[in-house]
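Novice: Have a look at this prediction, sequence included:
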Amino acid sequence: MQAFAAHLKEKLQDERFRKLYKKERQLAELSLQLVVARDKSGRSQKEVAHQAEVTQQQLSKLENGISCNVTTLLKVCNALGLKLELSDLPKFRIAPNRSSLFPGTNPEKLNQLNDQLETKAFARESST
């Protein structure tokens, strides 16, 4: 992992790469929050998609960081009890409307997922 971190640090010196990386990172963070919220709710993709009135395929794409339209994102957030909050770039987040859906989430597991998402984003950018 040390070699990857050093390589990423070097690649982030390139402005074009940095911009693309930030975009992919944002998509990955959004996707991860949706997956964690759905897992915490104990519902399947099919169940959440039905409640959100979207297809399971649309939800899957959203959870995998594939772009979607804003309406789909809002429907899924509503079905999961999440509120979309925008802030100054480059940060945005989805925050729970009610008490947090994330207590009890293993921080180490989230760190591992973040590492996996970073690797996935890096691999996508390297192939273009």
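Specialist: Looks like it arrived, so ask away.

Novice: From now on I want contacts and neighbour counts done on CA atoms only, so please keep to that.
Specialist: Fine.

Novice: buried set for stretch 54-71?
Specialist: 54, 56, 58-60, 62-65 (16 or more other C-alpha atoms under 10 Å).

Novice: Let's have these in TSV, adding pLDDT.
Specialist: Shown next, in TSV, are these (pLDDT from 0 to 100):
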residue	pLDDT
Val54	96
Gln56	95
Gln58	94
Leu59	95
Ser60	94
Leu62	92
Glu63	92
Asn64	90
Gly65	86
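
Novice: For Val36, state which of the residues you listed is nearest.
Specialist: Glu63 (9.8 Å; C-alpha to C-alpha).

Novice: how far away is the closest one from Ala6?
Specialist: 28 Å (C-alpha to C-alpha, to the nearest Å).

Novice: repeat for Asp14
Specialist: 14 Å.

Novice: Then Leu86?
Specialist: Distance, Leu86 to Ala6, using C-alpha to C-alpha: 31 Å.

Novice: coming back round to it: what would the buried residues of stretch 54-71 look like in a markdown table with distance to Lys23 and secondary structure?
Specialist: Below are these laid out as a markdown table (distance: C-alpha to C-alpha, whole Å; DSSP: H, G, I helix; E, B strand; the rest coil):
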| residue | distance to Lys23 | secondary structure |
| --- | --- | --- |
| Val54 | 24 | coil |
| Gln56 | 24 | helix |
| Gln58 | 20 | helix |
| Leu59 | 20 | helix |
| Ser60 | 19 | helix |
| Leu62 | 15 | helix |
| Glu63 | 15 | helix |
| Asn64 | 14 | coil |
| Gly65 | 10 | coil |
